[in-house]
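Peer 1: let's see this in three dimensions:
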Amino acid sequence: MHPIFVAAFTITLTVSLTACSSRPTLSVPNAIKPYKSEVVQGNFVSSEQVAALRPGMPRTQVRNILGTPLLTDVFHANRWDYVFTIERDGVVSKALRLTVYFNGDQLVRWDGDTMPSETEFVQTLTSGRKIGKIPQLTASDKELADFANRENSAVKPSANNNEPAAVSNKIYPPLESN
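Peer 2: Purely as a prediction, here's the structure:
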């Protein structure tokens, strides 16, 4: 064999064996992380909703306050269960439970986990996420008057009643600033 082929074979064999013996610091399973979707299930019940409950309320009023129960059991017709779970990537999974008990059509009692307020719940949804700058949603009296004038002048009635009114293109401000 030609000496160049022997040298190339020796170098290739040496590099191959060296690569097998060393451990890479970054492995493929650790480098590639699959997307994990946010999973929200059940009925969120806030502490404000629980505070609105009163013994003696009829079922319809409880349903109006808390919403339709997630679980109604045929064997326990006098009990409604409200269960809420949320699973997000990078956040500890949370499960909350509230059970309301009836005697006939009247609410007797309720028990379960301590529910967060609506504000606390919204803060948990935004924690760990990067949120852009929230635009200021205010307008001066002059800006509101100018907007009303533009709205009033945008629709012009037609001279002929058989023709539809001419509508100009409206320009709306962006919902989010870039």
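Peer 1: assign the spatially most central residue of the chain to helix, strand or coil.
Peer 2: Central residue of the chain (C-alpha atoms, centre = their mean): Leu125, 6.3 Å from the mean position. At Leu125 the chain is in helix, as set by DSSP: H, G, I helix; E, B strand; the rest coil.
Peer 1: repeat that for Thr85.
Peer 2: strand.
Peer 1: spatially nearest residue to it (excluding sequence neighbours)?
Peer 2: Spatial nearest neighbour of Thr85, chain neighbours left out: Ala95 (4.5 Å); criterion: C-beta to C-beta, 6 or more residues apart in numbering. Glycine gets a C-beta too; all of them are placed from N, C-alpha and C.
Peer 1: helix, strand or coil: sort out that neighbour for me.
Peer 2: strand.
Peer 1: what count of nearby residues applies to it?
Peer 2: Applying other C-beta atoms under 10 Å, we find 12 residues neighbouring Ala95.
Peer 1: would you agree it is in contact with Val83?
Peer 2: Yes: shown here, Ala95 and Val83 form a contact pair, counting by C-beta atoms under 8 Å, at 7.1 Å.
Peer 1: any regions of this protein where pLDDT drops low?
Peer 2: Across the chain, the ranges flagged by pLDDT under 70 are 1, 15, 17-36, 90-91, 126-132, 154-170, 176-178.
Peer 1: what segments of it are helices?
Peer 2: 3-21, 28-31, 47-51, 59-66, 118-126, 141-154 (DSSP state H).
Peer 1: export those as CSV, with columns for distance to Asp73.
Peer 2: Shown next, in CSV, are the helices of the chain (distance: least, C-beta to C-beta, whole Å):
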stretch, distance to Asp73
helix 3-21, 60
helix 28-31, 43
helix 47-51, 21
helix 59-66, 15
helix 118-126, 27
helix 141-154, 54
